[in-house]
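Chemist: attaching a predicted model along with its sequence, questions to come.
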Amino acid sequence: MEKFKEKSVFIISLALTLIFILWGIFFTDNLAKVTNIIYTGSIDYLGWVYIGTTFFFVIFSIYLLFSKYGHIRLGKPTDKPDFNTASWLAMLFGAGMGIGIVYWGVAEPVTHYTKPPYGEGYTIDAANTAMTYTFFHWGLHPWAIYTVIGLALAFFQYNKRLPASISSVFYPVLKDRINGPIGKTIDILSVFATVFGIATSLGLGALQVTAGMHTIFNAPDTLLVQIIVIIVATVIFLISVNTGLERGIQYLSNSAMIISFAILLLILILGPTLTIVKVFFNTTGLYLNNFIQMSLRLRPFGEGEWIAAWTLFYWAWWIAWAPFVGMFIARISRGRTVKEFVIGVLIVPTIGTCLWMSIFGGAALDLVVHNNNHDLATYISENVSLAIFTFFDQLPLSTFLGILGFALVAIYYITVADTATFVLGMLSEGGTLNPSNKIKMTWGVIQSAVAAVLLISGGLEVLQTASIAAALPFAFIMLVMSYSLLKGFNGELEIQRRKKRVKET
């Protein structure tokens, strides 16, 4: 019985995962119906919750940056960062949205250009609006979500010496009950959400990798090849995860960052350089000028389908990913001050993401707008997994860019799986900072199997909907987490004041 208590999070999470897989295989239509009802209901009736909470997380994160808590160090006062700043930024960026910006960097601006949130498509105004909303969806809001949960997890792990688990964050509210059924339930739900969120991304990633292989190497774009991609990737990331953070994940993240910079530089040189520079500055101005209006936009007296399909979908998706990304960022952030953490997790990645979107999105829009190429815009918006390779085909050195792009997609794909496996090991082994290879490999095989099974059964979109539907309760959990973090910070400052008084006397 004692052994079951120790492994209860792992055992129950594993059982729930297997039940869900069987439901997806044998009752795909039923699962689709149930999850769609839950998701649609949460978006239609409680979309304002996503809008309000994500906006709050941005304000809260900026407040922390300039607050009296900024000097608090995550860990002991003498702790130094475990990783240099460049590697730290590369790892958190790769875990946060590396694969996402490669997937959507071209596709989203062009899609918004064809079907903007307001006004007519295929116009100059639509192009400006498309870039503004791309900045909005990939800018401060998602990174603020990661900032709040990552900072809370890091503080309670390193300053309060609590296990590296989601439940530990609620110690100021729940006290020792975090070790009981309530705490275990929170951790089980976190593992469950992480497994399916990552499995969805692995499935979608396999589609893009296969599409890249088809475009560059003329490999068949079939279900069999997609499954082979998942199997090969699984073998690679299991080898990597066994080398630990200091080698495997760090090396992969650094490699991805180097290739990303190389591609950005090539597009900046080969593409419409002046237009890209103008896009970055112009869109930054539009984004900041319309920030509050976009953040709270819901259209209560009009049709809100676009907002539901894009903005609310994104906010729910980022929240659904928060346990996994926040846990990983916390794991690599010991030794940073609160101010350093917020700058590194909120400000720097936002600027980097907006720069990426300006170069990819700006260059892609220049191709379709200045050449009045509506067919290319329509093709990209209807073939998202091929968007980046279609874009490369329009540029000089297209084959070389395509190979670099394929390598980047593959590395980010493996990095996400690698970091997710590491986090799942931490969550299911009582919050240990260095989970056993056995547990990591178990979760690695399971999450890949889930992705493969759902690709075969056609249930990948169903799973994506289910993952996002689970975000609603976690939005409320994160609000409580913010309150708990403030209580923890105030307690830390009081301890520091007491120590200072003792020294003075």
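Modeler: Thanks, I have it.
Chemist: next secondary structure after the one helix or strand V195 maps to?
Modeler: Under the criterion of DSSP states H and E, V195 resides in helix 181-217. Proceeding N to C from helix 181-217, the next assigned helix or strand is helix 223-241, under DSSP H and E.
Chemist: list the buried residues for that following helix?
Modeler: Buried residues in helix 223-241, counted by 16 or more other C-beta atoms under 10 Å: 225-230, 233-234, 236-238, 240-241. Where C-beta positions appear, they are placed from N, C-alpha and C, glycine not excepted.
Chemist: give me the residue at the spatial middle of this protein.
Modeler: G96 (3.8 Å; C-alpha atoms, centre = their mean).
Chemist: re the thing from before, tell me the buried residues in the helix holding V195?
Modeler: By 16+ other C-beta under 10 Å, the buried positions in helix 181-217 come out as 183-184, 186-216.
Chemist: one more: stretch 462-481?
Modeler: 462-472, 474-475, 477-479, 481.
Chemist: what's the closest of the buried residues of helix 223-241 to L485?
Modeler: When the buried residues of helix 223-241 are compared for distance to L485 (C-beta to C-beta), V241 wins out at 29.4 Å.
Chemist: show me where pLDDT drops low in the stretch 401-505 of the chain?
Modeler: Low-confidence segments of the stretch 401-505 of the chain, defined by pLDDT under 70: 458-460, 463-464, 467, 505.
Chemist: still on that earlier bit, so of the buried residues of stretch 462-481, which ones are in strands?
Modeler: Among those, no member is found in strands (DSSP state E).
Chemist: filter these down to the ones in helices?
Modeler: Among the buried residues of stretch 462-481, DSSP state H puts 462-469, 471-472, 474-475, 477-479, 481 in helices.
Chemist: so T311 makes contact with W138?
Modeler: No - with contact defined as C-beta atoms under 8 Å, T311 does not count as touching W138 (11.7 Å).
Chemist: check the burial of D82 by counting its neighbours.
Modeler: For D82, the neighbour count with other C-beta atoms under 10 Å is 17.
Chemist: could you do K500 as well?
Modeler: Using other C-beta under 10 Å, K500 has 10 neighbouring residues.
Chemist: check A322 too.
Modeler: 28.
Chemist: contact partners for the closest residue to T311 other than its chain neighbours?
Modeler: Take T311 and drop its neighbours on the chain: the residue closest to it by C-beta to C-beta, 6 or more residues apart in numbering is H137, 6.8 Å away. Shown in contact with H137 (C-beta atoms under 8 Å, 6 or more residues apart in numbering): 108, 310-311, 314.
Chemist: quick one: low-confidence parts of this protein?
Modeler: Short version for the chain, where the test is pLDDT under 70: 1-6, 243-248, 303, 458-460, 463-464, 467, 505.
Chemist: S61 and A144 touch, don't they?
Modeler: Yes - between S61 and A144 there is a contact under C-beta under 8 Å: 4.4 Å.
Chemist: give me the common contacts of the two.
Modeler: Residues touching both S61 and A144 (C-beta under 8 Å, 6+ apart) are L346.
Chemist: ok now stretch 254-268, how far from the chain's centre?
Modeler: Per C-alpha atoms, centre = their mean, to the nearest Å, the displacement of stretch 254-268 from the mean C-alpha position of its chain is 20 Å.
Chemist: where's F391, which helix or strand?
Modeler: If you go by DSSP H and E, F391 is part of helix 387-393.
Chemist: from the contact counts, what lies against that helix?
Modeler: Secondary-structure packing of helix 387-393 (3 or more C-beta pairs under 8 Å, 6 or more residues apart in numbering; DSSP states H and E): helix 99-104, helix 107-114, helix 181-217, helix 348-370, helix 374-382, helix 398-428.
Chemist: same thing but at 10 Å, please
Modeler: helix 99-104, helix 107-114, helix 181-217, helix 250-270, helix 348-370, helix 374-382, helix 398-428 (3 or more C-beta pairs under 10 Å, 6 or more residues apart in numbering; DSSP states H and E).
Chemist: of all these, which one comes closest to L486?
Modeler: Counting by C-beta to C-beta, L486 lies closest to helix 181-217 out of the helices and strands packed on helix 387-393; the figure is 19.1 Å.
Chemist: correct me, but C354 touches G139?
Modeler: Yes - counting by C-beta atoms under 10 Å, C354 touches G139, with 6.0 Å between them.
Chemist: joint contacts of the two?
Modeler: Counting by C-beta atoms under 10 Å, 6 or more residues apart in numbering, the common neighbours of C354 and G139 are 284, 287.
Chemist: quick revisit: against S295, how distant is the residue nearest to the centre of the chain?
Modeler: Using C-beta to C-beta, to the nearest Å, G96 is found at 20 Å from S295.
Chemist: how many other residues sit next to the residue lying closest to the residue nearest to the centre of the chain once chain neighbours are set aside?
Modeler: Nearest residue to G96, sequence neighbours excluded (C-beta to C-beta, 6+ apart): V325, at 5.3 Å. For V325, the neighbour count with other C-beta under 10 Å is 27.
Chemist: same check, this time on S67
Modeler: Residues lying near S67 (other C-beta under 10 Å) number 16.
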